[in-house]
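Enquirer: Fold the stuff below for me.
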Amino acid sequence: MPDPAPPDSAEPPARGPSRRALLGGAVTGWGAAVALGVGVITRAGGAGEPAPAQTSPAPRSDPTGATGDAVVPFHGAHQAGVGVVPQAHSVYLALDLAEATTAADLRRLMRLLTSDAERLTRGLGALADTEPELALHPARLTVTFGFGPRVHDIVGGAVRAWPTALPPFRIDRLQAAWSGGDLLIEVAADDPLTVAHAQRMLLKDARTFARPRWVQAGFRRADGIEPRGTTMRNLFGQVDGTANPRLGTADFDDLVWITEGPLTGGTSLVIRRIAMHLETWDEVDRIGRESAVGRRLDTGAPLTGTREEDEPDLAATDRLGFPVIPTESHLRRARHRTPRERFYRRGFNYDEPPAAGQTSNSGLVFTTYQADPATQFVPVQRRLDELDILNTWTTPIGSAVFAVPPGCAEGGYIGETLLA
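Expert: Reported below is the predicted structural model:
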């Protein structure tokens, strides 16, 4: 990992109150009711006192190889959080915009969110941050923004390549608590304290304009446990995400990035919350588990191979003539049938307090990035809906689709190609 660029030596005094009062003043409806309070509570000092100047942290060198100071550059043609090697912790925040939100309101919100997100990813406190020390170690922090269907209506006009809602699937048992949303913010880093602080700062920025709809937090192995880029394991013990397009390749670019219209350089994000029924999974022996997945649990190799990267032999049969990789296995059903039925998959485990009488409340926050969900994601999901033995132990309980706009240059803001 390259050393982070040295941050600026100092920042001017934060002027949060007047900034947020200005931003909040144009909002109508329930958002306007809190606008007056925003200018007061975002001060770092008392009433009538200027916020103290925030100084940038001095460059640090850690001989132990710790990654707390690692910085992922914020600016660029694409939002940095899409093409980064996945961090250990991620939180997805879906918000509902105030009823009377206009395009002008959304511009103000995205300018504010972009400014603070960029600062946080550099290890600086957000403007008017009352706990800037919590931002000192960005730990590869990225912040990614997405827009739901309602933003399309606010923007007005036809925006080509805007993702539409997914069709219904038989296996879905969707709950409103995990579905939909107007604005998505993903906060991801290798340190949970960094994630928690950035999440709070960004929600404070947005509270005049929007209210939280749902929050989904997920995790992988801690940074340093395995080499970066190792395929993650879900809570079934399964290697999850094999045969992904490789980051930074032409194949990834072709499958993920939108290439026309105001979303050029952006992508689409599908989020599926999948409950995993570990109690009944425990009842299945190892042979049964590997047959359901179509891969060996220890290495992730297909049942016809020895390494995770081996190409599965779907024509192979055993001595009785049965397919070595069962026809109802997840591998066979999820495998693409055409070159365009591919997308970038990124999952995070969740593990929450179980209900009375249960031993787990666990699952997967499963996300995919693709240029067009209708031609890439939906055909694969339809096959899984029709037949996939793994459905015996999994249930989708949340679903949402967001347009992820392109990145921005310094001085710009995320979403400007749609809102400017």
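
Enquirer: Select the longest helix from this protein.
Expert: As assigned by DSSP state H, the longest helix anywhere in the chain is helix 103-121.

Enquirer: Just the buried positions in that one, please.
Expert: 105-114, 116-121 (16 or more other Cβ atoms under 10 Å). In short, each C-beta sits where N, CA and C put it, glycine included.

Enquirer: repeat for stretch 285-301
Expert: Buried, per 16+ other Cβ under 10 Å, within stretch 285-301: 289-296, 300-301.

Enquirer: Against which helices or strands is the longest helix of the chain packed?
Expert: Counting contacts by 3 or more Cβ pairs under 8 Å, 6 or more residues apart in numbering; DSSP states H and E, helix 103-121 packs against helix 16-25, strand 142-147, helix 149-155, helix 192-206, helix 416-419.

Enquirer: what's the average pLDDT for the fourth one?
Expert: Read it as helix 192-206. Averaged over helix 192-206, pLDDT sits at 98.

Enquirer: do the same with the first one
Expert: When pLDDT is averaged over helix 16-25, the result is 42.

Enquirer: again with the shortest one
Expert: The average pLDDT within helix 416-419 is 95.

Enquirer: Give me the contacts around that helix.
Expert: Helix 416-419 is contacted from outside by 103, 106-107, 110, 147, 151, 155, 159, 262-264, 405-406, 408, using Cβ atoms under 8 Å, 6 or more residues apart in numbering.

Enquirer: From the chain's centre, how far out is that helix? Work that out for me.
Expert: 21 Å (Cα atoms, centre = their mean, to the nearest Å).

Enquirer: try stretch 334-348
Expert: 17 Å.

Enquirer: Going by distance to V239, which of the buried residues of stretch 285-301 wins?
Expert: The shortest gap between V239 and any of the buried residues of stretch 285-301 belongs to G300, at 3.1 Å (Cβ to Cβ).

Enquirer: Assess the claim that that closest one and P312 are in contact.
Expert: No. The criterion here is Cβ atoms under 8 Å, and G300 misses it with P312 at 11.5 Å.

Enquirer: if you compare the helices and strands packed on helix 103-121, which one is most tucked away?
Expert: Across the helices and strands packed on helix 103-121, averaging neighbours per residue (mean count of other Cβ atoms under 10 Å) puts strand 142-147 on top, at a mean of 26.

Enquirer: and the nearest residue to G261 once chain neighbours are set aside, what does it touch?
Expert: Spatially, and ignoring its direct neighbours in sequence, G261 is nearest to R160 (4.0 Å; Cβ to Cβ, 6 or more residues apart in numbering). Contacts for R160 (Cβ under 8 Å, 6+ apart) come out as 260-261, 263.

Enquirer: Alright, calling it a day.
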